[in-house]
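Visitor: have a look at this fold, sequence not included:
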């Protein structure tokens, strides 16, 4: 399935899509855009859409973003967010799971590694398949 078909099928808001497409000339954000456009199936599309929406949120709050960066401990992070004199790393996971019990088990196992990170902040954003933002 191609990108345009997925955009249409999932009813992505054209205004949001136009905003995201404007990232093409930005050195960092164009990396996210390229990955987003490369999605060939709905699952990958939604994974990348979650990343794009998180990035969009930070941008709307005046943050500067770096994409796919190395942390001080040699790990990879999806984003490095900087605002004023503060910066932090963000790793984004979209959990697509069926059933409440399975969700609880899979979420806990995915969060286990995050507990090893000192000074972490956990937050979540819920995206619906037909989200209109």
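Guide: Received the coordinates, thanks. Everything numeric here is computed off the predicted structure, so don't read it as measured data. Numbers count the residues shown, from 1 in each chain.

Visitor: tell me where the model's unsure across this protein.
Guide: By pLDDT under 70, the low-scoring segments of the chain are 95-133.

Visitor: rerun at 90
Guide: Low-confidence segments of the chain, defined by pLDDT under 90, span residues 1-13, 42-44, 46-47, 71-75, 91-133.

Visitor: quick check: closest non-adjacent residue to the residue positioned nearest the centre of it.
Guide: Centroid-nearest residue in the chain: residue 51, 1.3 Å away (criterion: CA atoms, centre = their mean). In space, and not counting its chain neighbours, residue 51 is closest to residue 92: 5.0 Å by CB to CB, 6 or more residues apart in numbering. Every residue, glycine included, has its C-beta placed from N, CA and C.

Visitor: distance of the residue nearest to the centre of the chain from residue 84?
Guide: According to CB to CB, to the nearest Å, residue 51 and residue 84 sit 23 Å apart.

Visitor: and what of residue 60?
Guide: On the measure of CB to CB, residue 60 and residue 84 end up 16 Å apart.

Visitor: check contacts around residue 12.
Guide: residue 49 (CB atoms under 8 Å, 6 or more residues apart in numbering).

Visitor: okay, buried residues for the top helix by length along the chain please.
Guide: For the chain, the longest helix by residue count, based on DSSP state H, is helix 42-60. Residues of helix 42-60 classed as buried: 42, 45-56, 58-59 (neighbour count, 16 or more other CB atoms under 10 Å).

Visitor: pick the one among the residues you listed closest to residue 4.
Guide: Compare each of the buried residues of helix 42-60 with residue 4 using CB to CB and the shortest gap goes to residue 45, at 11.1 Å.

Visitor: quick one: the helix or strand harbouring residue 65 to helix 42-60, angle?
Guide: Using DSSP states H and E, the element containing residue 65 is strand 64-70. Per axes from the mean of the first three to the mean of the last three CA atoms, to 10 degrees, the angle that strand 64-70 makes with helix 42-60 is 130 degrees.

Visitor: pull out the buried residues from strand 64-70.
Guide: Result for strand 64-70 [16+ other CB under 10 Å]: buried residues 65-67.
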